[in-house]
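Engineer: Generate coordinates for the sequence data below:
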Amino acid sequence: MLIDKRIDRLVKLIYKLSTEEFIQRKTLPDELSCSLRTVDAALYELKNEMERKHTDMTIEYVDSETMYLKGKDDAFLKQLLHQYYIQDDMVCFFLSVISKNTSAKTFVEEQYISRATFFRKLKLFKKWLERFQLSFDLRSLKIHGDERQIRHFYFSLLIEITGKLMWPFSFQKTMIEKRVEQIIETLSLRLSPVQKEAYIYHLAIQHYRIENGFYSPGYDIPFPANIKEKLMSECHLILNGIPEEYRKGEEDFLLMMIVNSPSHYHPLEIVRQNIEIHQKTQTEAWLFTVMFTEKLGALFPSALNKENMNHIKGHLIQLYCYYEHHATNFLHYKDMIYANAITKQHPLLSSIVHQLADETENNGFKRSPTAHTRYLLMLYTFVDIDKLQPALRLLILSREGPIYEETLAEKIMSYVPFQLEISTSTIQNKNVSEEGYSLILTDMPFVRGSTDNILYMHSPPTDGDWRRIYDRCASAYWYRLNANKQLPSVMTRR
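Structural biologist: This next block holds a predicted model:
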């Protein structure tokens, strides 16, 4: 929701530098919607800020056009993002309303902003809210729309801008943390600190909205009875005092956030219960899940065992339910950069996700752009990637001998994000044919009838050699994938 263009550029630049290995200066004007001169000014400002904060992290240049982030410090990057976010007037106003119930008049006076500028920025904020299918009344300064979408908007904004750096609400965080701890213990959940923080924010937003007299409508999806009973027994403090006609909606909201969280892989017992209730009632989420998993299983029958297939089914149900009721018709820049990075690192998985998404969309299920990264992470977590496609066969031949070749093989395995089967010169003693290798890496003259799959490199490899190794492996992977990329036809929507 960044309205200030300078802040927007700096935030985008931080995300891009922190996610991608190398950045080309000439590509930034299009991505940041500005001139090359403005790009250079943003880079200069960011570099100066890093120097001013005495961090070891710096923007280094490989050449005049190629740069990368050296000494990446995630904690510092989070603080830097927060620092820039709260410089944006609309973000600052939004946080002031939540934490202090600040009026527009008070905010304008405290921030020394003219009323004309303030309301001009509010009109831009109104357009941004439309992406969440919400509207904004410029007179009352209130957000209007489905309460579930309003809470989704609050979550999307607050978890990114404040995170663990500041608590945006007037009530104590410890009260919400205790509620989340009780839920985790009751349902035997296993959460990372980031996932736990997400639950804390969901419950905090629910508490904040209820305090202000806004209640969530119910969800037209089933929830496992056993999980509902356990969860409600621990959440009486949250639900006490809610008018009876709104109680079911708030119960459903809690169940949706816990059971169908898009970023959490549940224990198998919760997964089974969720699958069972959706299968029994033949929900849209279940039909989508069946289509997705049957196509995936038909495409790669040996890459999934039964337990992991159940995990995938359960997570697909979670994703479908969540994004069906909390839709946005755009991707945050951070999500786009992250998805692009995953696509580059794991092209095979990305291609599979695109094909599966296309197939399900062709059979009547709407596509959710925000779910794409989650599909990638889900497959990366549960699919045996080694069995998706046979490993690329590489041969290393060096004048330095087998020990050097084996050391280089280990470094290549850690650098190249593809499944590799690497052989060294010792295969010559076994009379193994050199034909059939996707790539032969060598630092010495290599006389053969064909040189299509030979890459000459230095010993040790230079930065340019490493990039060429990566690019040649990627090309070989895409070539094989394109040769056999059609999905089998397995089922149509019922």
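
Engineer: Okay, domains of the protein per the record?
Structural biologist: According to automatic domain parsing, the chain comprises the domains 5-85, 89-145, 146-259, 261-388, 392-483.

Engineer: possible to save these as JSON lines with mean neighbour count?
Structural biologist: For glycine as for every other residue, the C-beta is placed from the backbone atoms N, C-alpha and C. Below are the domains of the chain laid out as JSON lines (neighbours: other Cβ atoms under 10 Å):
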{"stretch": "domain 5-85", "mean neighbour count": "15"}
{"stretch": "domain 89-145", "mean neighbour count": "15"}
{"stretch": "domain 146-259", "mean neighbour count": "17"}
{"stretch": "domain 261-388", "mean neighbour count": "18"}
{"stretch": "domain 392-483", "mean neighbour count": "15"}
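
Engineer: Include mean pLDDT when you put those domains into a markdown table, please.
Structural biologist: Compiled in a markdown table, those are given as follows (pLDDT from 0 to 100):
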| stretch | mean pLDDT |
| --- | --- |
| domain 5-85 | 90 |
| domain 89-145 | 86 |
| domain 146-259 | 91 |
| domain 261-388 | 83 |
| domain 392-483 | 80 |
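
Engineer: and the gap between residue 84 and residue 97?
Structural biologist: Distance of residue 84 to residue 97, computed by Cβ to Cβ, to the nearest Å: 20 Å.

Engineer: gap between the two ends of stretch 95-108?
Structural biologist: Stretch 95-108 has an end-to-end distance of 14 Å (criterion: Cα to Cα, to the nearest Å).

Engineer: Quick one: the helices in the stretch 201-350 of the chain, in order.
Structural biologist: Ranges of helices in the stretch 201-350 of the chain, per DSSP state H, counting those that start in this stretch, are 225-234, 236-239, 244-259, 268-281, 284-299, 306-325, 333-345, 347-362.

Engineer: and of those helices, who's closest to residue 21?
Structural biologist: Among the helices of the stretch 201-350 of the chain, the nearest to residue 21 by Cβ to Cβ is helix 333-345 (8.5 Å).

Engineer: just the angle between that closest one and helix 347-362, please?
Structural biologist: 120 degrees (axes from the mean of the first three to the mean of the last three Cα atoms, to 10 degrees).

Engineer: what sits up against helix 333-345?
Structural biologist: Residues outside helix 333-345 that contact it (Cβ atoms under 8 Å, 6 or more residues apart in numbering) are 11-12, 15-16, 19-20, 160, 331, 349-350, 370, 372-373, 376-377, 380, 417.

Engineer: same deal with stretch 210-224?
Structural biologist: In this structure, residues lying in contact with stretch 210-224 by Cβ under 8 Å, 6+ apart are 146-148, 150-151, 171, 206, 209, 242-243, 246, 248-250, 252-253, 255-256, 259-260, 270, 273-274, 276-278, 280-281, 283, 285, 321, 325.

Engineer: gap between the two ends of that stretch?
Structural biologist: Using Cα to Cα, the end-to-end distance of stretch 210-224 comes out at 25 Å.

Engineer: Double-check residue 313 against residue 293; I have them as touching.
Structural biologist: Yes. The pair residue 313 and residue 293 qualifies as a contact (Cβ atoms under 8 Å) at a distance of 5.7 Å.

Engineer: ok, residue 310 - contacts?
Structural biologist: The contact partners of residue 310, taken as Cβ under 8 Å, 6+ apart, are 268, 271, 272, 275.

Engineer: Can you pull out the residues in contact with stretch 240-251?
Structural biologist: So stretch 240-251 is contacted by 206, 210, 215, 216, 217, 218, 228, 232, 235, 238, 239 (Cβ under 8 Å, 6+ apart).

Engineer: cool, stretch 398-406 as well?
Structural biologist: Under Cβ under 8 Å, 6+ apart, the answer for stretch 398-406 is 396, 397, 408, 424, 425, 426, 442, 443, 444, 459.

Engineer: chain center to that stretch: distance?
Structural biologist: Stretch 398-406 has its average C-alpha position 40 Å from the chain's average C-alpha position, going by Cα atoms, centre = their mean, to the nearest Å.

Engineer: Using CSV, write out every CA atom in that stretch.
Structural biologist: C-alpha atoms of stretch 398-406 as CSV (Å, rounded to 0.1, in the frame of the first residue of the first chain):
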residue,chain,number,x,y,z
SER,A,398,40.7,-32.3,-15.3
ARG,A,399,44.5,-32.3,-15.6
GLU,A,400,44.6,-32.0,-11.8
GLY,A,401,43.4,-35.6,-11.4
PRO,A,402,40.5,-37.5,-9.7
ILE,A,403,40.9,-35.9,-6.2
TYR,A,404,40.5,-32.4,-7.6
GLU,A,405,37.6,-33.6,-9.8
GLU,A,406,35.7,-35.1,-6.8
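
Engineer: ok, which stretches of the stretch 1-150 of the chain are helices?
Structural biologist: 5-19, 28-32, 36-52, 74-85, 89-100, 104-111, 115-130, 147-161.

Engineer: Out of the ones you listed, which is closest to residue 467?
Structural biologist: helix 5-19 (17.7 Å).

Engineer: That closest one: how far from the chain's middle?
Structural biologist: 17 Å.

Engineer: Just the angle for it relative to helix 89-100, thanks.
Structural biologist: Here the directions of helix 5-19 and helix 89-100 differ by 90 degrees (the same axes, to 10 degrees).

Engineer: contact partners of helix 5-19?
Structural biologist: With Cβ under 8 Å, 6+ apart as the test, helix 5-19 has contacts from 2, 23, 28, 31-34, 38-39, 42-43, 45-46, 59, 67-69, 72, 74, 77, 80-81, 84-85, 87-88, 333-334, 337-338, 340-341.

Engineer: out of the contacts of stretch 398-406, what pair is the most spread apart?
Structural biologist: It's 426 and 459 that sit farthest apart of the contacts of stretch 398-406, by Cβ to Cβ, at 17.6 Å.

Engineer: check contacts around residue 238.
Structural biologist: So residue 238 contacts 179, 203, 206, 207, 250, 254 (Cβ under 8 Å, 6+ apart).

Engineer: change it to 10 Å
Structural biologist: The neighbours of residue 238, taking Cβ atoms under 10 Å, 6 or more residues apart in numbering as the test, are 176, 179, 183, 203, 206, 207, 210, 232, 250, 251, 253, 254.

Engineer: okay, those in a markdown table with distance to residue 124 next?
Structural biologist: A markdown table is the format used below for the contacts of residue 238 (distance: Cβ to Cβ, whole Å):
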| residue | distance to residue 124 |
| --- | --- |
| 176 | 32 |
| 179 | 36 |
| 183 | 38 |
| 203 | 31 |
| 206 | 28 |
| 207 | 29 |
| 210 | 30 |
| 232 | 42 |
| 250 | 33 |
| 251 | 37 |
| 253 | 30 |
| 254 | 34 |
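
Engineer: In terms of distance to residue 365, which of those ranks first?
Structural biologist: Nearest to residue 365, judged by Cβ to Cβ, of those is residue 253 at 24.2 Å.

Engineer: residues touching the closest one, list them.
Structural biologist: 147-148, 151, 202-203, 205-206, 209-210, 215-219, 238.

Engineer: distance of it from residue 218?
Structural biologist: Residue 253 is 8 Å from residue 218, where distance means Cβ to Cβ.

Engineer: what's the answer for residue 184, then?
Structural biologist: Taking Cβ to Cβ as the measure, residue 184 falls 24 Å from residue 218.

Engineer: now residue 249
Structural biologist: Distance from residue 249 to residue 218, by Cβ to Cβ: 5 Å.

Engineer: what's the first-to-last distance across stretch 396-405?
Structural biologist: In stretch 396-405, first residue to last residue: 6 Å (Cα to Cα).

Engineer: Kindly report the same for stretch 103-122.
Structural biologist: First residue to last in stretch 103-122 (Cα to Cα) measures 14 Å.
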